[in-house]
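# Give me the fold of what follows.
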Amino acid sequence: MAKVAREMVEKSGIKVDNLVELLVKNAAAELTTYYYYTILRANLIGLEGEGIKEIAETARIEDRNHFEALVPRIYELGGELPRDMKDFHDISGCPPAYLPEDISDVNRILKVLVEAERCAVRQYTNICNLTAGKDHRTYDLALSILHEEIEHESWFSEFLGEGPSGHFLRRGETSPFVSKFLR
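As a prediction, the model looks like this:
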């Protein structure tokens, strides 16, 4: 644990144990989303599904990166991950992104994907609001993840015909905002 880091966050008025709980729940959401996106991506087949597969894969890899970036901050603040993966899954800050009953319905899969991203946007916006001006490191991390989650939501919502977002799929680079936390 980084004792001074925790002390400074406490002195800023943030209840560190509550913040750590949010970070652990989001780490659980990121890791479980990585898992569920693996299944969703595998079922994106056919003419409609193949066009979405690359975007789902980018979001999947970036969610894994988000998990990897969150873990050090959790431990820096004196937290830890649950020892049991089932417990970890069940405390996720977002509901599981289960494969829909009709696995041939690409629009249903897209709705699962976009709703998972919308939950993530809400979660990281909440952490940014909580830490802004008080816990600079957690704020920067949450804001970096938020940037990527907003792009993911935009990609999937465009495929659902909800309108243009102005975002484009990244070529060759994953996690452009979060990568600085992965070094």
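# any idea of the mean pLDDT for the longest helix along the chain?
Among the segments of the chain that qualify as a helix by DSSP state H, the longest is helix 46-76. Mean pLDDT, taken over the full extent of helix 46-76, equals 94.
# Buried residues, it. List them.
Going by neighbour count (16 or more other CB atoms under 10 Å), the buried part of helix 46-76 is 49, 52, 55-56, 58-60, 62-71, 73-74, 76. (Each C-beta comes from the backbone N, C-alpha and C, glycine too.)
# Also stretch 12-32?
Here stretch 12-32 shows 14, 16, 19-20, 22-32 as buried, counting by 16+ other CB under 10 Å.
# Out of the residues you listed, which sit inside helices?
Using DSSP H, these in helices are 16, 19-20, 22-32.
# between those, which is closest to residue 127?
Residue 127 lies nearest to residue 22 out of those, by CB to CB, at 5.8 Å.
# Need the nearest residue in space to the closest one, chain neighbours excluded.
residue 127 (5.8 Å; CB to CB, 6 or more residues apart in numbering).
# give the contact list for the one you found.
Contacts for residue 127 (CB atoms under 8 Å, 6 or more residues apart in numbering) come out as 19, 22, 23, 26, 138, 139, 142.
# got JSON lines for those residues, with distance to residue 100 and pLDDT too?
Output for these, formatted as JSON lines (distance: CB to CB, whole Å; pLDDT from 0 to 100):
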{"residue": "19", "distance to residue 100": "34", "pLDDT": "98"}
{"residue": "22", "distance to residue 100": "28", "pLDDT": "98"}
{"residue": "23", "distance to residue 100": "30", "pLDDT": "98"}
{"residue": "26", "distance to residue 100": "24", "pLDDT": "98"}
{"residue": "138", "distance to residue 100": "34", "pLDDT": "98"}
{"residue": "139", "distance to residue 100": "35", "pLDDT": "98"}
{"residue": "142", "distance to residue 100": "30", "pLDDT": "98"}
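# Can you pick out the most distant pair from these?
26 and 139 (13.7 Å).
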